[in-house]
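Peer 1: 3D, please:
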Amino acid sequence: MVHRKCHKANLGCTRCCEQMIPGYNYGAHEIIGEFCSHTSITFNPYHHQHVMNSIGDALDENCEPNQEYWEGISNILINCEYRQTANAKISALDELKVFSINVRSLTKNIDHFREEVNFYNKFDVLCLNETNCIPDNLPNKTDDLLLDGFYEPLVQIPARRSGKGGGLAIYINKRVCAHEKIECLNLELDPADKSAEFQAIKIHNCKGFNRTKVIVNFYRSPSHEVNKFINQLEYVLRKLERHSRKHILFFGDANIDLIKYDTDSASQNLIDILSKHGFVQTVSRPTRITDHSATLIDHIYTNNIDQTISSNILTLDISDHLATTCTIKLGSSSRLNCAAPNPTANSKNRAKPRMFNEANHNNFHRLIANETWEEALNENDASKKFDKFCETYTNHYNTAYPLKANRIRRTHERLEPKPWILPWLEAACARKKRLFHDKIKSPTEQNMAAYTKMVKFCDKHVNIAKQRYYKKQFDMHRDNAKNQWKIINGLLNRHKCKHSENFQLKEPDGTTLSTDAAVSEKFNSYFSSIAANIKTQISTRQTFDPGGFQEYLHGSNENSIHLSPTDPIEVHKIIGGLKNKATLDTKIEPLKIANSSHNFTTALSHVINSSLSQGIFPQALKVAKVVPIHKGGSKTDYLTVHRMSRDHYSMSRGYIKRAGAPEKESKMARRSLKFVSTKLNLRRRFLKEKTVTTKNRRFRTMIFSSFEFRVLGGCDNGYLEFDTGMLHKSI
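Peer 2: From the prediction side, this is the model:
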C-alpha cells in the first residue's frame, strides 16, 4: 500500500517503490549478475516489450502510434555492439563517421593518437572530452596537438582554473570539407556556470554534399549537480532550435548511467528533456566497465534517426572509458555537387622511395661514364639544350635508382611501422587488443587475468625495444650533432614542418581569400608589383642621389654585358662543394658521382656556355614550386608571408659566377643574382638591411629597380617567372 502523504496516487513515489518492490534500488546486472554478463544488460526504453512500456493497458502493436519510428530507434539500439578496432572501416564517400571518447588527458595520449593515426584517419570527426589540456601551457602551443590528416584541433580549455577534470577538443578530417567550411558556434553560456562544458561546431558541404551538420561535444564532471547540468543542456537545446532542420549530433560523457533508466530519475529527466527537443540516444551498452561496475555514461544523441546508419562501441584501452562511434548518411553518391573526395586523400602524398645502395651507385657511375651527351650537344637552342641534358640525366637516374616495389605487408604491420616494433611484438600488441575485447564481452576471471598478463608483457618489451633502438641510434651518431638533433626532434614531434595546407589571406577590406587560385593570384600580384612600387617610391624621394655607381662600374654598356665562359674544372669544383642533402626526388650524392665523369662536366659546361653566349636563361630554371612561409605577425597578412622556392640551385650557381666585374662589385652582383635565382625575401634583402655601405646601397637600388617579374600563363599553381634580361642589362 502507498503511504498517506504520497502525491502520486496509486502509482506510488520512490519511498513507496522502495517499500513495495524488492531490489528497487539495484540495477538488473546487480540482481542477476550470477546468471548473465553485464554486457547483455542494455538501454532500450523504445522496445515494445520494455518494462516501462508495460505500464497501463496493453495496446495492439499494429495500432501503436508512431510504431515505425519507435522500431527504428529500437533497431539502432539493438544493433549497437562491441567492435574490435581492427575491424573498423573507413567511412564511405556518402557517410560521416564520428568517433568520441573520454580521453582522460589529451597531452598524455597524443603519442598514441600519432602512432595509431592510420586507424583514426578512418573517422571523419574526433570528439574528445576531459582533455585536461590548455594549449597555451604547451611548449609549442597547438602544434603539439596536431595529427596528420586532420586540421588544427578546435580546443576548449577546461572550466576549472587548474586545467584538470574537463576540457574538450574536436579534430576534423581534411577530407570532410575545406577549412573555411568549419564554423564554431557560440552558445553564449554563462562562464560562471561550471556545471557542464559544451562545444559546438557547424560543418558546411560535408564531403561535397550540400549538407550542413552540427556536432556538439560535451562533458559533465561527476562532482557537479545533475539538475544544473540538465538545465544547462536544455538552454543549449533552445539555442540550437534555429538549427533544428539540420542534422545535429551530441557526443560526450554526461556521467549519468542510462542502464539505471528504469529507476534513476536523473536518467529519466535527461532522456525526457532530449526527447522533448527531438533527440534520441543511440548507444545501448555500458561504456565504462570495471571489475565491480558497468555504466552507460558516454552518450550519443541524434535528432534524425532516419539518417543514422549505426552506433557502436570500440574496445579501445587508452582510457577507462570505451570509445563510441556513430555513422550517418549524407546522401546518395549521385547527388554530389562537386568532385567526390578520395577516402584516402587525408594520407600524405609520399614520394615512393628509391633503392640507394653501392651496387646502384656503381651502375649509375657506369651509365654516366658511357654517355656521350650527343643529343644535348647537337641542339642549337640553349634552352632546348638544357632540357635535353636534364632528360638524359634523369633517364640514367631512374634506371640506376628504381622505385621500390610495393611489398606484401605482414598481417599486423602498420602503415607506418615503428622501427623498434619487431614482427613478434606487433603480433603481441594485436593479441593484447583481442584479449581486451574478450574481457569486455565476457569479463570472466580467466579473460581478465590473460589480458592483465599480456598488458604487462607488451608494455615491458615495447619500452625495452624503444630504449635499445634509441640507444643504438645515439651511439651510431655520437659524433654527429645534426643527426642527434634529428633524433631528438623526432621524439618531440618537431621533425615535421607545420605549414598550413589551407592558406588564407585577408584583403584590406576584410575579404578572406581561401581558394588556391585566389591566394596564388594575390601573391603573384603583390610580388610582381614590388619592383614598380619601390621604383615609384625611389623616384618620389627628394634626397635620393641616383649617381655614384660610376665609381665602380666603368664604361658600362646598356645593351651588353661580358660574361666569361666556364670550363669543366669550374663546374667540377662547384658540384663538389654542394652539401649532401635531398632536393625533392633528386639527391646530391648521385650528382657527385656523375661529377667524377669528365664527359658529364664537359657537357654541362658546354650547356652553360651556350646559355651565356646566346643570352638565354633556360626556361626550366625560371619555374619553381613556391611555398608560403610565415615569418611572424598575422598569418592572414600577405606582407608577413614570404615565398620560398625550390629550384635548380646548383645549376644557377654556374651563372652566378659569370659576372665579369671587379672582385668587390662581383660579390655584390653575385649576391643579387643569387637572390633572383632562389627568390628569397625581397623586403628584407633590399629594404631592411641596415649594415651596408653607401655604394652597396646605391648598387642594390639600381639592381632592384631593374627587376621585372611576369606571371606565367595561369596562376593556379602559384608560379612566378622573372626576366633576367633586364638584370643583365643593368649590370
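Peer 1: What residues of the lengthiest helix in the chain count as buried?
Peer 2: Assignment by DSSP state H gives helix 445-476 as the longest helix of the chain. Neighbour-count burial for helix 445-476, with 16 or more other C-beta atoms under 10 Å as criterion, is recorded at N447, A450, Y451, M454, C458, H461, V462, A465, Y470, Q473. Glycine gets a C-beta too; all of them are placed from N, C-alpha and C.
Peer 1: again, but for stretch 171-181
Peer 2: Residues of stretch 171-181 classed as buried: Y171, I172, N173, K174, R175, V176, C177, H179 (neighbour count, 16+ other C-beta under 10 Å).
Peer 1: Adding distance to D479, secondary structure and pLDDT, write the residues you listed out as TSV.
Peer 2: Listed next are these as TSV, based on distance: C-beta to C-beta, whole Å; DSSP: H, G, I helix; E, B strand; the rest coil; pLDDT from 0 to 100:
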residue	distance to D479	secondary structure	pLDDT
Y171	41	strand	96
I172	45	strand	95
N173	43	strand	94
K174	41	coil	92
R175	44	coil	93
V176	47	coil	93
C177	49	coil	91
H179	44	helix	87
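Peer 1: re earlier: what's the longest helix of the chain packed up against?
Peer 2: Under the contact criterion of 3 or more C-beta pairs under 8 Å, 6 or more residues apart in numbering; DSSP states H and E, helix 445-476 touches helix 423-441, helix 481-491.
Peer 1: Now do that helix against helix 481-491, angle only.
Peer 2: Angle, helix 445-476 to helix 481-491, by axes from the mean of the first three to the mean of the last three C-alpha atoms, to 10 degrees: 160 degrees.
Peer 1: model confidence over helix 445-476, on average?
Peer 2: On average, the pLDDT along helix 445-476 is 92.
Peer 1: before we move on, what about stretch 578-598?
Peer 2: Mean predicted confidence for stretch 578-598 is 74.
Peer 1: just to revisit the earlier point, from the buried residues of helix 445-476, which single one is nearest N109?
Peer 2: If you rank the buried residues of helix 445-476 by distance to N109 using C-beta to C-beta, V462 comes first, at 15.4 Å.
Peer 1: coming back round to it: need the buried residues of helix 445-476 in CSV (columns: distance to E183).
Peer 2: As requested, the buried residues of helix 445-476 are exported to CSV (distance: C-beta to C-beta, whole Å):
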residue, distance to E183
N447, 45
A450, 47
Y451, 43
M454, 44
C458, 42
H461, 46
V462, 41
A465, 45
Y470, 43
Q473, 45
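Peer 1: what are the ranges of the helices in the stretch 51-200 of the chain?
Peer 2: With DSSP state H, counting those that start in this stretch as the criterion, the stretch 51-200 of the chain has helices at 67-78, 106-115, 117-120.
Peer 1: got the angle for the longest helix of the chain vs helix 423-441?
Peer 2: Counting by the same axes, to 10 degrees, helix 445-476 lies at 150 degrees to helix 423-441.
Peer 1: Pretty sure Y470 sits against I487.
Peer 2: Yes: counting by C-beta atoms under 8 Å, Y470 does reach I487; the two are 6.8 Å apart.
Peer 1: From E115, how far off is the residue lying closest to L314 once chain neighbours are set aside?
Peer 2: Among residues not flanking L314 along the chain, A323 sits closest, at 4.2 Å (C-beta to C-beta, 6 or more residues apart in numbering). A323 sits 16 Å away from E115, going by C-beta to C-beta, to the nearest Å.
Peer 1: Who has more neighbours out of those two?
Peer 2: Counting neighbours by other C-beta atoms under 10 Å for A323 and for E115 shows that A323 has the greater number, 26 against 14.
Peer 1: pLDDT at the more buried one, what is it?
Peer 2: A323 is assigned 95 on the pLDDT scale.
Peer 1: All the helices of the stretch 501-650 of the chain, residue numbers only.
Peer 2: With DSSP H, counting those that start in this stretch as the criterion, the stretch 501-650 of the chain has helices spanning 516-528, 530-540, 568-576, 588-595, 598-614, 649-656.
Peer 1: just checking, what packs against the fourth one?
Peer 2: Translated: helix 588-595. Applying 3+ C-beta pairs under 8 Å, 6+ apart, we find helix 588-595 packed against helix 358-370, helix 382-400, helix 568-576.
Peer 1: try 10 Å this time
Peer 2: The contact analysis (3 or more C-beta pairs under 10 Å, 6 or more residues apart in numbering; DSSP states H and E) places helix 588-595 against helix 358-370, helix 382-400, helix 568-576, strand 582-583, helix 598-614.
Peer 1: of all the helices of the stretch 51-200 of the chain, which lies closest to Q281?
Peer 2: Proximity to Q281 (C-beta to C-beta) singles out helix 67-78 among the helices of the stretch 51-200 of the chain, at 7.6 Å.
Peer 1: Quick check: buried residues in the closest one?
Peer 2: Buried residues in helix 67-78, defined by neighbour count with 16+ other C-beta under 10 Å: W70, E71, I73, S74, I76, L77.
Peer 1: okay but the fifth one is in contact with Q307, surely?
Peer 2: No: between I76 and Q307 there is no contact under C-beta atoms under 10 Å: 11.3 Å.
Peer 1: wait, I305 sits on I73?
Peer 2: Yes: counting by C-beta under 10 Å, I305 touches I73, with 5.5 Å between them.
Peer 1: quick one on the thing from earlier: of the helices and strands packed on helix 445-476, flag the one that's most buried.
Peer 2: Of all those, helix 423-441 carries the top mean neighbour count, a mean of 17, counting by mean count of other C-beta atoms under 10 Å.
Peer 1: Now do that one, average pLDDT.
Peer 2: Averaging pLDDT along helix 423-441 gives 90.
Peer 1: Using CSV, write down the CA coordinates of that helix.
Peer 2: In CSV, the C-alpha atoms belonging to helix 423-441 read as follows (Å, rounded to 0.1, in the frame of the first residue of the first chain):
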residue,chain,number,x,y,z
PRO,A,423,57.1,-8.5,-36.1
TRP,A,424,56.7,-10.7,-33.0
LEU,A,425,56.0,-7.6,-30.9
GLU,A,426,53.4,-6.4,-33.4
ALA,A,427,51.6,-9.8,-33.1
ALA,A,428,51.8,-9.5,-29.3
CYS,A,429,50.2,-6.0,-29.4
ALA,A,430,47.4,-7.3,-31.7
ARG,A,431,46.8,-10.2,-29.3
LYS,A,432,46.5,-7.7,-26.4
LYS,A,433,43.8,-5.8,-28.2
ARG,A,434,41.9,-9.1,-28.9
LEU,A,435,42.2,-10.1,-25.2
PHE,A,436,40.8,-6.7,-24.1
HIS,A,437,37.8,-7.2,-26.5
ASP,A,438,37.2,-10.6,-25.0
LYS,A,439,37.5,-9.2,-21.5
ILE,A,440,34.8,-6.6,-22.3
LYS,A,441,32.4,-9.0,-23.9
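Peer 1: Check the helices and strands packed on helix 588-595 for me: which has the lowest mean pLDDT.
Peer 2: Minimum mean pLDDT among the helices and strands packed on helix 588-595: strand 582-583, a mean of 47.
Peer 1: Closest one of the buried residues of helix 445-476 to D317?
Peer 2: Nearest to D317 among these is Y451, at 8.6 Å by C-beta to C-beta.
Peer 1: Show the contacting residues for that closest one.
Peer 2: Counting by C-beta atoms under 10 Å, 6 or more residues apart in numbering, Y451 makes contact with D317, R431, K432, K433, R434, L435, F436, H437, D438, K439, I440, P443.
Peer 1: wait, K522 sits on T512?
Peer 2: No: K522 lies out of contact with T512 (C-beta under 10 Å); the separation is 11.2 Å.
Peer 1: Understood, closing this out.
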